[in-house]
Every structure is written in C-alpha cells, then in structure tokens.
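Undergrad: build me a structure from this.
(chains A, B and C)
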Amino acid sequence: MEQQISSITELSKSQAPSFANYELDAAYDEMFEHDGTARAQYRPLFNRLQELAPSELKQRQQTADIAFLNQGITFTVYGNNEGTERIFPYDLLPRIITAEEWTKLEKGLAQRITALNLFLKDIYHEGRILNDGVVPRDLVYSCKHYRREMRGIRIRRDIYVSVVGTDLVRLNDGEFAILEDNLRVPSGVSYMLANRQVMKRVFPGMFSSYNVQPIDHYGQALLSTLRALAPPNRPDPTIVLLTPGVFNSAYYEHTFLARQMGIELVEGRDLIVHDNIVYMRTTGGLRRVDVIYRRVDDDFIDPLTFRPGSILGAPGLFNAYRAGNVALANAPGTGVADDKALYAFVPAIIKYYLDEDPILPNVETYLLSDDKQRRHVLANLDKLVVKAVGESGGYGMLIGPHSTAQEREVFKQLIESDPRNYIAQPTLALSRAPCFIDGRVEARHVDLRPYILYGENITIVPGGLTRVALRRGSLVVNSSQGGGSKDTWVLS
Amino acid sequence: MLSRVADSLYWMSRYLERAEHTARLLDLTLNLTLDQDASVEVERWQMVLDSLRLPKPEAADAYQLTQYLTFDLRNKDSLVACISAARENAGQIREQISSEMWEHLNQLYLMVRRANIETIYNQPHGYFGPIKEGSHLIQGITDSIMSHGEGWHFIQLGRYIERVGLTTSLLDAHFKSMLKSDKLTAGGQDYISWVALLKSCTSFESYCQTYTADIRPERIAEFLLLNAESPRSVRFAAKTIQTSLETLSRINSKLKPGRAQRYAGRFRATLDYAQVDEIMADNIHNYLENIQRQCGQIHTAVHQQYIAYSVESALAH
Amino acid sequence: MFYSIRHITRFSYSSPVSESAMEVRMQPRSEANQKCIRFDLATQPRSKIQGYRDHIGNIVHHFSIPGRHQQLKINAEATVEVTPALALPQALPTQAWHDLESLCASDEYWDYLVPSRYAHSSELLDVFKKEWNIERRDDPLTLLHEISALIYEEFDYAPQTTSVDSTIDHALEERRGVCQDFAHVMIALGRDLGIPCRYVSGYLYHGGARDRSAADATHAWAEAYLPDFGWIGFDPTNNIMTGERHIRTAVGRDYADVPPTKGIFKGKANTELSVGVQVSPTEAPPPGEEMIQMHTWISEPAQIEDDLQQQQQQQQQQ
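TA: Numbering: from 1, shown residues only, chains lettered A, B, ... in the order given. Next comes the predicted model:
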C-alpha cells in the first residue's frame, strides 16, 4: 500500500538522511506530489532541509522547545487532582498554503460565517428557516446549546458570533473541506501567534526568503472586532476578557490575549451588575464595562438566568445584556449552530440565506436520529467515525477503523439510547505534512483551524493553527490527546 | 487595577514576609538552644510562640515545636502554610508578576514541600538558610524587575505592614521575659537573647554600626522602633507605608486623602517625634500594642478603600 | 369581574447579606379573557425596578440591592379584569386526535410536547397510566377531564409535603402533594398522549367556594392546547376547568420557567421565606397588610457550589 518515494530514497542515501523514513500513501501529502517531487511552494524548504544535518534540526527543535517553556506557553492537563502544565508540542517545519488556496479558503469561510450568523438571528427571532422546513425544528429545539432566553433579543449589529475557529481538513483530492465549526469559545489562537514568533527565531533566514503574510495583527483585529460590538452610546468602551480563572486549561491563552489587547483580565467575582449596568471592581472604584470577551460557557455566565450555582459569572449579567448595556462575545446560544448534527444542514443554510452554493464543502454526515441512516451506520461502525454532537476536544468519539469490537458495542448502545446525540462520518484520510520526529522528517496527519473575526467586517488573519496528530498513523489532532501544532504560512 | 489583583499582591507579600521571619526565628532558636539546659530552652520556645502570637501546643518539645511551626498545615502560620499561601496568591495573578518572580516563588514552594521534620532536624540551617535566601531573592527581583506602579505599592504595603506586626510582637515578647533582670553580662543568657532578637530582625550588624556592640535593651528598642535609615525599623516601615498610600491615592486620582492615608500620616508622625526614654519610662508594652493597633487600622482602611468597598457607597460616587 | 390582588413576599436572612439580585414573575398576563389594568411592585429596601417580557410573553421584573440587608420585602399589587372563558362543548369529535396530530407536526408547540425538567415521564408515571388505563381514546377533551378528576380523586392535597423542586415521582409515590405537583402530573400525562400542555402559575379567587387549595397562596394549574379552542385550563387540584376565578401570571413548560421569585445574594445566611396572597373583588379597596395571613417556611441553607477550581476546569474551550 505505502510506497517509498523513489527520488527521496535515493537522496536519502547521499544527501538527505532526514527524509529516509518518509512515506507516501493515499492521503494528500502537503509537501510532495504523488510521484515524490516536492510541490513548488515547498521546494525551497525541501532544498534547505536537505542541506541541514539532522543534528542541526534537532538543535533548532530544542531551541524552539526552550522558547515555549520560557514564555510559559503551556496548557493544563487534568487527570488527578493537581493539573500538570505541559507545553503544547511544537513541530519545527512550517505548513505552507499558497495564495491561491488561501483566497478560496478566505471566501469560503466568510460565506459560511455570514450564513451561520443569519441563521442564528433567524432562529432567535422569526424562525423562517424552521417554518420553511429547511432545518428541522426539533433539531434546533432539542439542542442543549439552544438558549430560549435569547429569543427576541436584539443584539448589536446582529452579530452573534464574533470569534470563530473553523476546523478544516484537506481530502485526498487536495481540496479543503469543513470538518467542524467552533462558534462558542474557540481556543488555540495564542499558539498560532506563538508558533510564528518562535519560527522567526528558529528559522529566520528561511522565513524571510518566503513571502509569508503576517499574522501579528491578530490582537489588534480582535480588539477592533470587540469594540465594534460596544453599545452605540459608549464611544470609548471598556473591554474586558472574562476568564473562568487560573485552573482553566486555556488560562494561558486568556492572559496572553488580554495582554496583546491591553485589556483587563477579569473573573466573575470582579464583576458587579447594578440596575442593568455591568461594573468591575477596581482599586479606583467601580468601573463600567461595555464589552465582555467571555471565555466562560453560556451556562456559567449568569447564575440568575442560567445555572444557579455558578460562581464564574455575574448575577444579572444577562439582564444587562438584554437591555443592550453590555455586549457579549460570543453571544449566548451560538452553540446551536456548531452542533454536529446541525452541521449537516449548513450547506442548505448557506443556500437558504445567501442563495449561493457553498464554496467549501462539508464532509458527508449521517444523522443518527434518522432510522435509515442509523441502520446503515450501525452496520458499518468499523468504517466510520462517530461523534457526540455537543462535545469538543476530541472527546466522545469513536474512530471505527482504529476501534475494538468492545468499543463499537459501547457506541452502538450509546447511539441506540440517544440517537440525537450522535452523528457519523466516513473516516477521512486527513492530509499529511512533513514533521520533525525523533531526528527525522516523517509524514503526520494535520488539520487547519483558521480564526475568523466578525465585527464591523470580517477579518481572517492569513493561516491559522495547523494541528498535528503526532502519533504515527493517528487521526486525532487535539492537544488533550497527543496532538501538537506547527506554524502555518500563507504565501503572498 | 482590579481589586482582586491588588488583594492577591498584598497577601502574597505579607505571607512571604511572615515565612521569612519564621525561618529566621527558627534557625536562630534551634542554634541557640543547642547547648542550653532544659529550663532555658523551655523559656526560649515560649518566647518564640509568644512573639508569633501562637498558643502553646500540648506537651511540645523542641522537635515537635519545630514540626508545628514549620510543616504543620493545620497551623495557618506555619512556614510551609505561609509559603503555600504566598504561592497560591501569586498563582491567581501570574500574569501580573514577572515570570522570574513566579519561578522563584514556585521553586521556594517546591523546596519547602519536599522536606520533612526528619530530614531537616539534624541540620536545620541547611533548610532555613536557603528559605531566607529564596525570600530575599524574590524581594530583590520584585524591586529590581517589576515596574514600580500600583501593583508594586500593594506589595510594599503588605511587606511593611507585616513587618511592623512581626517586629513589635518580637520586641514585646522579649521585653516581657527579659525586663526582670536589668544587668547584662556579655555572654550571659540575657545578653545572648538580646543579640538573638537583633539577629532575628537581621539588624545585629547595623545596630553595631550605630551603637557599637554594647547591647542595651533601650537602644535595641530605639533601633528597631525609631531608626530612620534601617529598613527593618518600624519608623522606616511607617514612612514607606505612607509613601505607597500617597502614590496609590494619586494613581487612583482621589482628590481627598482617604482614611488609610490619614492613619498612615498619623502613624508616621508618632514615630518621627517619639523618644525612646519616654517610651521606656512609660510602658513599652502599651506602646507596642498601640503601634499594632494603628497598623491594624491602616490594614482595614486599605482593604475597605481599595479592595472590599461596599458596592452601595461606590455607586453613590 | 374585577379583582384586586395583593401578594407579599418576605425574605428574612439569618445574617446580613448584600448584592441581592432578583427576578420576579408576578404581573398578571393580559390575553384572552384576562386583562391586567394596574400593576405596582415595590421592594424594601428600595430599589429601581426594571422589567422585560420573556420569550413566553411573561412580564419579568428585576432589581438589585447592593447594600447590606437582613430582610427583603416585595409587595406586588394588581387590578385585573377577568371575563368568562370561552364556552366549551361537552366533548370533541374523535377526529380531534387527528387534528392534534397535524397541529403538532406543523406548528410551534414542540416545547410543550416534550418532557421538561419537572414534567416528564417516569416508571412511576407508567405504572399510574397502566393502573388507570390512560391512553388515547374517546376525544382529547374527554380524556383530559378524566385525568383531572383522577388526580383529584387519587391524590391528597397536603401542603408542605413537597417542596418547589420536588419531582412528580415524589407526589406519585406518596399520592399526595400540592397544586404544583398536580399540574406537573397532568402535564406529563397530557404530553405523553401527544397533547401540548403547559404550566400556569397564578391566583385563584375562592370567594366562599369549597376549593382544596389554600386561599391565601399562589396557585398553579395546567393548560392543554386543543384544535379550534386554543389553550384550555384544567385545575386538577380542585377538579374544575379554569374560569372567571383563575388569574394567570405566568406560563411555561413547567415550574422551572415561571418561579414567582428567583434570586441570589452574597453572604452566608439561611433564608426564611414568607408569602401572603389576598385576592378580592375590587369593589372593596385593596386590603391592608395586617389583614393578610402570612405563611412562613424555612428553606435549607442555599447550596452554593463553591468549588471554584472544579468549575474553572469544567469550562469547554473548543
């Protein structure tokens, strides 16, 4: 099945020992054509890598790792009582996207986010798309992230989702497809920014020889996006980032972004709501807050409206929001649009609101609440990927080809007891990219998460986070499950 | 600055100061009692407990007391409990302090947690010494790396308010037990005690520079209370507290001086114009208690003014 | 018929609390045969009261009290006009089941057809259904009448045996409860039959009638949606149809959507809650407070989830 790249194998004997183990299979390879020649955009990188001895590469990898550790770029893994801090594994070699590829991605993502925003506005107001039967009403109403409290609430600029992280994969034919929309509290953008900083330090020459589009303005762009959401009568708005606190796995990112934007990092206990105005408690007195970039789940933002026991939010926050005195990014209730079962309807949603065909395709998806589709899936569990609709982070997932009979039996029962809660998709061969593993360059599966900002207009910093499944053959890229990341270069 | 952040900085600093003090006190006490008879030893430990304002645990020998004051987490003032609390406060606001501060505080924490009474009792200096050094290092980094903005002033307040409390308690405990004998012979028990007092305030050398090695209780009181230059004196602390409060008031553009600032001004004035002979002639115990009360007032006023002010009054402004 | 209603709620705390935030659902609705002519709400300590209409059309008032207080009193007064309800036939044609079917497939009644927090099916409910042979037969109206009568006959009215957050299983097991439990049982049974059902909280004017429910408290009942007739009220506590004596304040899927008061405060204190209600025909002036008999019960200390670390970890970061 797997063929060695002939030209590389030859090279390996003489000049490029780093590539000796590099294999090509059916999956699209980011660096090499099927015949083993390097793609044009990767050629300078490939040539440079052949010049570098593995020991040199190893040394640069160490330099990079130390840079991450020193900057405290870590995430927290919980297993026992005490969380452990780990650096998010960083792969030395950049993933390169051509300008042409990027233009299409940019258009496709903007189209998708525009449609999803219109969808959210619609289902929380008239519900035309439900009345017209394009999206089944029960799919929306039964979603645990659907917030009835949001019905009829007018929000600034009608923007529900201001910060999005969309997961894309590249299929065998080289085309990108959407795997998942993350519309609640997408994370990982700090790694995207940190990867670039480290890359510039580790491979300054190579970086400057390519014409890579910059991403450093993300913090500024996020700030303008948030500012655009401020109540219209607040010309100089106070913007804060609401974090669950130091024990949250993404706390590093929260501090990083707050610093990048120069805004206050607050916790729920710093906020007070009085007469529908939100304040933060500072040493100089109460200071009014106008926009909250919240990294706290819907359920926890306001114990008066949502989960009563929550101490991570502020009582009365939602009433202030309803009154238009404070903006929340993202709006509560956006999770209904990134539900994995609703995902199957996104092409129809795009068509319905924009009267356009989707620029970026979906991955084929089986809805398990449908009897016929469920029968098909249950008969083919060993070939498919099953996902729980409301989960993220690679949890609640069955990868058929890599599963045991026992695991499949567990999922069969889970599906039968709550079919609405699961979907299935074919096992995708994610594209593979060269990674530096144990002193050699090897191919590993990758995905791509660009970050989209929606304020006065739509901004997508070129690139995103390329996540890597570092375990050989693995398809799971999540940081909590052995994933790493690499810098993503979009050429100009 | 967020009130919560200011509060965490303040307490981080207080706990660190307290831990350093306890480390020094235990180091000296264990060293002093090495070659002394049992009755003196009992008296000395009693004085340590008094100075830390802790009740005496039942049937406690030196070993048990060292365990109690160092490792016992049920004792909230134990060394390990203080360092844990300092680290916990710092951890809540990691983004506000420099990474060097956090790293060293974390290292200090890991070091004190790794040891136990069995491993340190035979060589206590090998344990307490590095704790003092670690604390000095963190304070040095704080002063030299952190920008001297609002956060740094809350750290200053914590450090000096704590220091006043610790120093005055220590003085009080010494005067209570030593006042009986008025003659000091070099090398005698009391002489050793007074030197130990100075050493536990890291002030022995600077005392000698001011007064020579002639050890006299009233001079010690004068030095630790009223010396204008020593950063270990209460007067110096009062000056620092007042300066920090003035700066905080300016940063937060308060037009009128708040209560904390008024208390601090009065506190400093009483020390600036005090005479040690008057203090001694009157009643030093009352005097020390009065200082502690004033310091307590400043603490409460800072808390009410910057941290836990009532929402109702803040809204009225 | 005009009514004047006075509804007093008093929270007494065992020690002072501050930063109270509260939502109140007490304003009578204006719809169908009912119209709210006047509504006044005041609190002690005083506060600025704000309001909004929630997604079910209930008027919600809310306020915050930042300062320290050991007691919070809410005084709601309303004047309401109620006209006789639409006359219903004795029974509907069997065809109504079919109409109901198409209604449910096409329209916005999804929320009132699926189980909700307090009104859901359970094993005990299945047993009850079997025991009394509750299944689709005759026509929806006749069956609903039967269910209302059945609850009236089978359950004892027993105040203070269940609490606001009791499940229907508790009532089914004991075969007793209060109006809230009976409404939830009826709603669960109705939804199970494919009839949209919702929960109504409000007041009942007794005026000498021999009702089981207490005269000086808030009341609750169920509404079912019937083709051609709309929302029809059934009061299983008293085994009557709702009529000129019932005053609706809020509707929802179940109690969880419409608690008369919902609040949170800062401080460690036990809460004692007293509620008094008086409904009188409005020819008489609104009654003074001393005439209203207050009912008091002491709540469990509020369970605050104070495991900050755990909540911080639970947050999904996508």
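Undergrad: tell me the centre residue of the chain?
TA: Looking at chain A here, since you left the chain open. Centrality entry for chain A: nearest residue to the mean C-alpha point is residue A:165, 3.8 Å, by C-alpha atoms, centre = their mean.
Undergrad: switch to chain C, that's the one I care about
TA: The centroid of chain C falls nearest to residue C:201 when counting by C-alpha atoms, centre = their mean (2.8 Å).
Undergrad: give the buried residues for the helix or strand where the residue nearest to the centre of chain A lies.
TA: If you go by DSSP states H and E, residue A:165 is part of strand A:163-170. Judged by neighbour count using 16 or more other C-beta atoms under 10 Å in any protein chain shown, the buried positions of strand A:163-170 are A:163-170. Glycine gets a C-beta too; all of them are placed from N, C-alpha and C.
Undergrad: what helices or strands is it leaning on?
TA: Contacts defined by 3 or more C-beta pairs under 8 Å, 6 or more residues apart in numbering or on different chains; DSSP states H and E place strand A:163-170 against helix A:99-123, strand A:176-182, strand A:440-449, strand A:451-454.
Undergrad: quick one: closest of those to chain B.
TA: Chain B lies closest to strand A:451-454 among these, at 21.4 Å (C-beta to the nearest C-beta).
Undergrad: in that closest one, what's buried?
TA: A:451-454.
Undergrad: check stretch A:411-423 too.
TA: A:411, A:414-415, A:419-423.
Undergrad: that stretch: end-to-end distance?
TA: End-to-end distance of stretch A:411-423 (C-alpha to C-alpha, to the nearest Å): 11 Å.
Undergrad: now do it: everything it contacts.
TA: Residues outside stretch A:411-423 that contact it (C-beta atoms under 8 Å, 6 or more residues apart in numbering or on different chains) are A:139, A:142, A:340-341, A:343-344, A:365-369, A:374, A:377-378, A:381, A:386-390, A:398, A:403.
Undergrad: in the stretch 201-318 of chain C, which spans are strands?
TA: Assigned by DSSP state E, counting those that start in this stretch, the strands in the stretch 201-318 of chain C fall at C:219-226, C:230-235, C:240-241, C:246-252, C:261-266, C:271-281, C:295-298.
Undergrad: just name the most buried of those strands.
TA: strand C:219-226 (a mean of 26; mean count of other C-beta atoms under 10 Å in any protein chain shown).
Undergrad: where exactly do the helices run in chain C?
TA: Under the criterion DSSP state H, chain C contains helices at C:95-106, C:123-131, C:140-154, C:168-174, C:179-192, C:308-314.
Undergrad: hey, which of those helices is tucked in deepest?
TA: helix C:179-192 (a mean of 27).
Undergrad: output that helix as PDB, nothing but the C-alphas.
TA: C-alpha atoms of helix C:179-192 as PDB (Å, rounded to 0.1, in the frame of the first residue of the first chain):
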ATOM      1  CA  CYS C 179     -51.200  22.300  43.200                       C
ATOM      2  CA  GLN C 180     -47.700  22.400  41.600                       C
ATOM      3  CA  ASP C 181     -47.300  18.600  41.700                       C
ATOM      4  CA  PHE C 182     -50.800  18.000  40.400                       C
ATOM      5  CA  ALA C 183     -50.200  20.400  37.500                       C
ATOM      6  CA  HIS C 184     -46.900  18.600  36.700                       C
ATOM      7  CA  VAL C 185     -48.500  15.200  36.800                       C
ATOM      8  CA  MET C 186     -51.300  16.300  34.500                       C
ATOM      9  CA  ILE C 187     -48.900  18.000  32.100                       C
ATOM     10  CA  ALA C 188     -46.700  14.900  31.900                       C
ATOM     11  CA  LEU C 189     -49.700  12.700  31.200                       C
ATOM     12  CA  GLY C 190     -51.100  15.100  28.600                       C
ATOM     13  CA  ARG C 191     -47.800  15.400  26.700                       C
ATOM     14  CA  ASP C 192     -47.400  11.600  26.800                       C
END
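Undergrad: any regions of the stretch 1-150 of chain A where pLDDT drops low?
TA: A:1-16, A:72, A:74-85 (pLDDT under 70).
Undergrad: please apply the same query to chain C.
TA: Residue ranges of chain C with pLDDT under 70: C:106-107, C:283-318.
Undergrad: pop the domain breakdown of it in here.
TA: C:2-82+C:260-302, C:95-257 (automatic domain parsing).
Undergrad: now the closest residue to chain A within the stretch 151-300 of chain C, nearest residue through space, not along the chain?
TA: For the stretch 151-300 of chain C and chain A, the shortest gap (C-beta to the nearest C-beta) falls at residue C:264, measuring 4.7 Å. Closest residue to residue C:264 apart from its sequence neighbours, by C-beta to C-beta, 6 or more residues apart in numbering or on different chains: residue A:315 at 4.7 Å.
Undergrad: so which elements touch the one helix or strand residue B:80 maps to?
TA: Per DSSP H and E: residue B:80 is located in helix B:79-92. Applying 3+ C-beta pairs under 8 Å, 6+ apart, we find helix B:79-92 packed against helix B:3-32, helix B:62-70, helix B:99-114.
Undergrad: recalculate using a threshold of 10 Å.
TA: Applying 3 or more C-beta pairs under 10 Å, 6 or more residues apart in numbering or on different chains; DSSP states H and E, we find helix B:79-92 packed against helix B:3-32, helix B:62-70, helix B:99-114, helix B:124-145.
Undergrad: for chain A, find the nearest of those.
TA: helix B:3-32 (4.5 Å).
Undergrad: do the closest one and chain A meet?
TA: Yes. Applying C-beta under 10 Å from any C-beta of the partner chain, one finds helix B:3-32 in contact with chain A at B:3-7.
Undergrad: which of the residues in whichever helix or strand comes after that helix are buried?
TA: Of the helices and strands lying after helix B:3-32 in sequence (DSSP H and E), the nearest is helix B:38-51. Neighbour-count burial for helix B:38-51, counted by 16+ other C-beta under 10 Å, picks out B:41-42, B:44-45, B:47-51.
Undergrad: now swap in stretch C:36-43 and tell me
TA: Buried, per 16+ other C-beta under 10 Å, within stretch C:36-43: C:36, C:39, C:41, C:43.
Undergrad: same deal with stretch A:40-52?
TA: For stretch A:40-52, burial by neighbour count (16+ other C-beta under 10 Å) applies to A:41-42, A:45-46, A:49-50, A:52.
Undergrad: how long is stretch B:267-286 from one end to the other?
TA: First-to-last residue span, stretch B:267-286, C-alpha to C-alpha: 15 Å.
Undergrad: for stretch A:161-179, same thing?
TA: Length of stretch A:161-179, first residue to last, C-alpha to C-alpha: 18 Å.
Undergrad: give the rounded mean pLDDT of it.
TA: Stretch A:161-179 comes out with an average pLDDT of 96.
Undergrad: once you drop chain neighbours, what's closest to residue A:313?
TA: Closest to residue A:313 by C-beta to C-beta, 6+ apart is residue A:301, at 3.9 Å.
Undergrad: phi, psi of that neighbour?
TA: Main-chain dihedrals, residue A:301, degrees, to the nearest 10: phi -70, psi -20.
Undergrad: is it true that it touches residue A:278?
TA: No. Assessed by C-beta atoms under 10 Å, residue A:301 is found out of contact with residue A:278, at 11.1 Å.
Undergrad: what sits against the residue of the stretch 101-250 of chain C found nearest chain B?
TA: Nearest residue of the stretch 101-250 of chain C to chain B (C-beta to the nearest C-beta) works out as residue C:164 at 29.0 Å. Residue C:164 sits next to C:118, C:178, C:180, C:255-256, C:259-260, C:273, C:299 when contact means C-beta atoms under 10 Å, 6 or more residues apart in numbering or on different chains.
Undergrad: the residues you listed: which two are farthest apart?
TA: C:118 and C:273 (19.3 Å; C-beta to C-beta).
Undergrad: and residue 148, how many neighbours?
TA: Picking chain A for this. Neighbours of residue A:148 under the rule other C-beta atoms under 10 Å in any protein chain shown: 16.
Undergrad: that's the other chain; I wanted chain B
TA: Residue B:148 has 13 nearby residues by other C-beta under 10 Å.
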